[in-house]
Each structure stands twice: as structure tokens, then as C-alpha cells.
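Participant: Give me a 3D structure for the following:
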Amino acid sequence: MDRMLGRRDVLKGTVAIGTGLAAVGWATPGLAQALPAPLPTTAAPAGAPLDGLLPGAAPVSPAAALPTSPVGTPEYNRRILANAKRQVERLGSKLWRTDLVGIADFSRPSWEPRLHFANLENGTVRSFLLAHGKGSDLSHTGWLQNFSDQYGSLATSRGAYLTCEWYTGKYGTSIRLVGLDPDNRTALERMIVMHSAWYVDAGMIAKWGKIGRSDGCFAMSPADFNEALWHLSGGRLLFADRIV
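Facilitator: Below you'll find the model as predicted:
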């Protein structure tokens, strides 16, 4: 059975997306009032687990060897834009909107912005912090060690995702994802989504040298997550891999 969602399914229950994201580009007039306010980022909720931050663990040093072309340089941004264009061409009609693509570059460590919003219409790139799954980094080094699509793995899966509707769940307003590749085909059943998380925050990097880990979801800072709601949801592409 074809698992691909149709356009009606993509926006099911989210009329606000259909109207609010109609405008092309970064500005989306009229949508701001429909978005939830960003959650505070200064502290974890009372009694919350550390989501993989081990009590007493030494902070990770960012001195580990990094790939060439640091994030944000013109050369790196050109690679991100080229990759985004290549994936859009590969997936074709499976995508509803192709103006902007999310690229999650897991060749970078968690203390660097590695979720890139590549705007294919004006050639710009904006970058944000992004967590990877606990099962992809069991020792919590801050680096993604492996991908997995297995149930119960708590790991990040590589591949292309279709961003779908908003819904309210465990982490508040979240974006449902559908895996488009063999390596992430169970994303919907595994409940791999985009959501905000308190442990994705610059304060965590200052204290631990890295951010926390998710259960395999694409977790962003609460201060940044509205950017995904505004610009990446509603039938666009999120692509995750090691971008080299």
C-alpha cells in the first residue's frame, strides 16, 4: 500500500498552515498570531530527566576534529544549497512546496548549528541547533555515531522526510513527519517528529559542551522552533544525513 500522504492529508487538521504559509519567502503575514509562544529556555521543567545528560559527566571539548568548511561560510552554504536542490530534484512530485528545504547535517557536532533552512528562491541559509537521538550516540559524545530506523532504537534516521501537519503532543506543538526513503520508512510509526525541547539551548552548551539528546526526533530550541512552524511545515522537505 502506498504510504505517501496526499495534499489533503498533509494539511489535515491544520487549516492555519494552508492559509498562513501561502505567501512565498521568509515572511508569512498573518501566521504569527496562530503560533504558540516560544517556551522558556533558561531551565528544565521541575523533575525533568536530563535526557541523556549524565550527572557528573565531564563537558565535551569542542576541540575534536571537525570537517572542513565551517558552518556559515560561503563554501559550506553553497554545499547546503546544492544538496537541497539535488534532493528536491530527486523527490519531485512527492513534495508540495519546494521554496525552502531543511537540511540536517549530522557530520557536525551538537554544539554547532546543524539544521539549515536553505531558501532555494533567494539562495540564503539560516542555521539552528538540532538534537540527535540517544540511540545514535550512546556515550553522549555530542557526535552522531550511527543512524537507525529500527523500532525502539531511539536513534536518528537518515533520509528525506515530508513535513506534514501540526499537532499537540507530549512536547507541545509538533510537526508530523513522513519518511520518503528506505532508511526512514518507519518514521510515522516510530513517531519521529519535529518538536521543541528545553535541552536544546546555548546554556546547555555553556555548561556541558553539548546539547541533550532526543528519542530520535528532530528537537530544536524552543526559541527557534517557531521558525520551523512558519517556514518548514506544510509539505516541504527535511533531509537528514552526513553532508560531506
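Participant: burial of Asp224, as a residue count?
Facilitator: For Asp224, the tally of surrounding residues (other Cβ atoms under 10 Å) stands at 20. Placement of C-beta: from N, CA and C, glycine included.
Participant: how about it, phi and psi?
Facilitator: Main-chain dihedrals, Asp224, degrees, to the nearest 10: phi -100, psi -20.
Participant: Now do it against Ser148, distance only.
Facilitator: 26 Å (Cβ to Cβ, to the nearest Å).
Participant: again with Arg79
Facilitator: Per Cβ to Cβ, Arg79 is found 25 Å from Ser148.
Participant: try Arg242
Facilitator: 14 Å.
Participant: the more surrounded of these two?
Facilitator: More neighbours surround Ser148 than the other of Arg242 and Ser148, with 20 against 13 (other Cβ under 10 Å).
Participant: That one falls within a strand, correct?
Facilitator: No. According to DSSP: H, G, I helix; E, B strand; the rest coil, Ser148 belongs to no strand; its state is coil.
Participant: residue contacts, it?
Facilitator: Gly135, Ser136, Ala155, Thr156, Ser157 (Cβ atoms under 8 Å, 6 or more residues apart in numbering).
Participant: of those, closest to Thr73?
Facilitator: Nearest to Thr73 among these is Thr156, at 24.7 Å by Cβ to Cβ.
Participant: helix, strand or coil for that closest one?
Facilitator: The local conformation at Thr156, judged by three-state DSSP, is coil.
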